[in-house]
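Engineer: Show me how the following folds:
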Amino acid sequence: MKAKVRFFLKNFLHGRYVVELSIHEIGKSSKYPDGIKYGLICKDLKSGEFVLLDNHHPKGPHVHVNDQEFSYTYVDDEKLIEDFEKLVLKKLGVKL
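Structural biologist: Numbers count the residues shown, from 1 in each chain. Next up, the predicted model:
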């Protein structure tokens with residue numbers, strides 16, 4: 001199956017934050033059992049701090065907050081974006 005864009009947004013905020021949200025439908029497989037591949041990042045270009053949610057193989061769904069990494073449970077696109085926005089606000093102090 002050819003990847004189908006479900007959601008894409010790229011923006012530059014407040015003169016210092018790069019935000020990119022990318023969610024693609026790729027078909028279910030052993031590497032991507034939900035059939036979804038995503039990467040959502042917000043990076044502070046001044047401090048270098050960032051929040052990233054992604055689900056690349058072989059790690060599956062997980063979150064990066066600077067040098068910390070922890071697992072994540074994907075529910076649906078809406079919840080993914082909501083969780084990302086909450087993490088960015090909590091960790092970087094930026095309301096998306």
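Engineer: CA atoms for contacts and neighbours, from now on please.
Structural biologist: Will do.
Engineer: Surely Phe84 and Phe50 touch.
Structural biologist: No: the criterion here is Cα atoms under 8 Å, and Phe84 misses it with Phe50 at 11.4 Å.
Engineer: quick check, Glu82 in a helix?
Structural biologist: Yes: Glu82: assigned to a helix according to DSSP: H, G, I helix; E, B strand; the rest coil.
Engineer: Can I take it that Gly39 is in a strand?
Structural biologist: Yes: when three-state DSSP is applied, Gly39 is found to be in a strand.
Engineer: From Phe7, how far off is it?
Structural biologist: Gly39 sits 11 Å away from Phe7, going by Cα to Cα, to the nearest Å.
Engineer: neighbour-wise, which of the two wins?
Structural biologist: Using other Cα atoms under 10 Å as the criterion, Gly39 and Phe7 rank with Gly39 on top: 17 against 13.
Engineer: Bridged to the closest residue in space to that one that isn't next to it in sequence, which residues?
Structural biologist: Distance criterion Cα to Cα, 6 or more residues apart in numbering; nearest residue to Gly39, sequence neighbours excluded, is Asp54 at 4.3 Å. Beta bridges link Asp54 to Gly39, His62 when assigned by DSSP bridges.
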